[in-house]
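Engineer: just to be clear, the model below is a prediction. Sequence and coordinates:
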Amino acid sequence: MKVVFHGANASTFHPGFAELLDAAHELVLLPDHLGSEADREAYATADVIIGIRFDDSLPTPRNLKLYQVPGAGYDGIRVPDLPVDADLCNCFGHEIAIAEYAMCALLSRHVPLADADARLRKGDWKYWAGGPSGMRTELGSTTIGILGYGHIGKAIAQRAKAFGMNVHVANRSRPEDQSQIDAFHAIDDFREMLAHVDVVVNTLPLAANTTGLVDHKAFASMKPTAVFMNVGRGGVVDEEALFGALKDGLIEHAFIDTWYQYPSGPDAVTYPSHLPFHELGNITMTPHMSGWTHGTIERRRNVMADNVNRIRQGLATVNRIAK
């Protein structure tokens, strides 16, 4: 079979991929922009495409058996345009990395390592035990509210409980295992949760019923001391509402890793929003990095190679998305 890795993201998973396959296949690396006829023909004749974007600018795959997204989100895929008999699958494996990012970000609000280091290098002992000036707060004394209880939400909840945090969850359905949850809220009633938590973390994917879900009313429902974090899709959070909440001091701080604008190329200088978030002092901005680790790559590579093997063997694929 011909397995096409379309674009820079997909190409990250190419090294070591062949060694995971149970038969010899033709592996083809293609750029994000298919500028040549040869590239377009390679794409059109692929049996398997690994990629994050499928739209009307791309050739119609004639032989496609599997479109494999190398991540969880598939909002860049025009699902109705895929061949009817081709499987569409995604993969996860990023929840460990994202949960570590979340806890690191939250801990930074309570354990001022960087500031303590900078001060001590100047002879300033502000945080020395025994004095009142350097006493800090503890993460374990706070309550976290998690929007969505999928792979990421569960991983964050598990680590939050390990630090002694109270965990509230808003989800579409009530989880069977609630051992990591102190309070459950239906997703339609998630605003009722917001006034009772110190930290709000969005882990929801982008869909018709989640677009703009965290809006002006949601931010107005949060505590003025609240910390908001987005490690789900950017579009779940209303862009104007988030900016206004930070600018007007409706909430105290935000950690934002998923955005509204992305670079058109690897060297493009791109601000992540048309609004000047970068001018605000109460936001920590990161470039959609929370799930990007060696461990994530390895776990996803294994799942994707397994799906290629399953297609060849005529077996059901894993993480198949209903079309």
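Structural biologist: Nice, thanks for sending it over. Given the structure is predicted, the values throughout are model-derived calculations rather than measurements.
Engineer: got the CA positions of the host helix or strand of residue 97 in CSV?
Structural biologist: Assigning secondary structure by DSSP states H and E places residue 97 in helix 95-107. The C-alpha coordinates for helix 95-107 follow below in CSV (Å, rounded to 0.1, in the frame of the first residue of the first chain):
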residue,chain,number,x,y,z
GLU,A,95,-3.1,13.6,27.5
ILE,A,96,-0.1,12.8,29.7
ALA,A,97,1.8,15.7,28.2
ILE,A,98,-1.1,18.2,28.4
ALA,A,99,-1.8,17.2,32.0
GLU,A,100,1.8,17.9,33.0
TYR,A,101,1.6,21.3,31.2
ALA,A,102,-1.5,22.1,33.1
MET,A,103,-0.1,21.3,36.5
CYS,A,104,3.2,23.1,35.7
ALA,A,105,1.3,26.2,34.8
LEU,A,106,-0.9,26.1,37.9
LEU,A,107,2.0,25.3,40.2
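Engineer: quick one: the helices in the stretch 101-250 of the chain?
Structural biologist: Listed from the start of the chain, the stretch 101-250 of the chain has helices (DSSP state H, counting those that start in this stretch) covering 113-120, 151-162, 190-194, 216-221, 239-247.
Engineer: and the helix holding residue 97 with helix 151-162, angle?
Structural biologist: Counting by axes from the mean of the first three to the mean of the last three C-alpha atoms, to 10 degrees, helix 95-107 lies at 50 degrees to helix 151-162.
Engineer: what segments of the stretch 201-323 of the chain are strands?
Structural biologist: Counting by DSSP state E, counting those that start in this stretch, the segments of the stretch 201-323 of the chain that form strands are 227-230, 253-256, 283-285.
Engineer: now do the helix holding residue 97: everything it contacts.
Structural biologist: When contacts are taken as C-beta atoms under 8 Å, 6 or more residues apart in numbering, the neighbours of helix 95-107 outside the stretch itself are 139, 144, 151-152, 154-156, 158-160, 163, 199, 201, 203, 227, 229, 231, 255, 257, 284, 286, 289-293, 295-296. For glycine as for every other residue, the C-beta is placed from the backbone atoms N, C-alpha and C.
Engineer: what of stretch 199-218?
Structural biologist: Counting by C-beta under 8 Å, 6+ apart, the neighbours of stretch 199-218 from elsewhere in the structure are 72-73, 75, 98, 102, 106, 142-150, 152-153, 156, 190-191, 194, 222, 226-238, 240-242, 244-245.
Engineer: are any of the residues you listed buried, and which?
Structural biologist: Applying 16 or more other C-beta atoms under 10 Å to the contacts of stretch 199-218, the neighbour count classes 72, 98, 102, 106, 142-150, 152-153, 156, 190-191, 194, 222, 226-238, 241-242, 245 as buried.
Engineer: what residues are bridge-paired with residue 320?
Structural biologist: The bridge-partner assignment for residue 320, based on DSSP bridges, gives residue 89.
Engineer: could you measure from it over to residue 69?
Structural biologist: For residue 320, the distance to residue 69 under the criterion C-beta to C-beta, to the nearest Å works out to 11 Å.
Engineer: in terms of neighbours, single out the busier of those two.
Structural biologist: Neighbours of residue 320 and residue 69, each counted by other C-beta atoms under 10 Å, are more numerous for residue 69; the result is 26 against 14.
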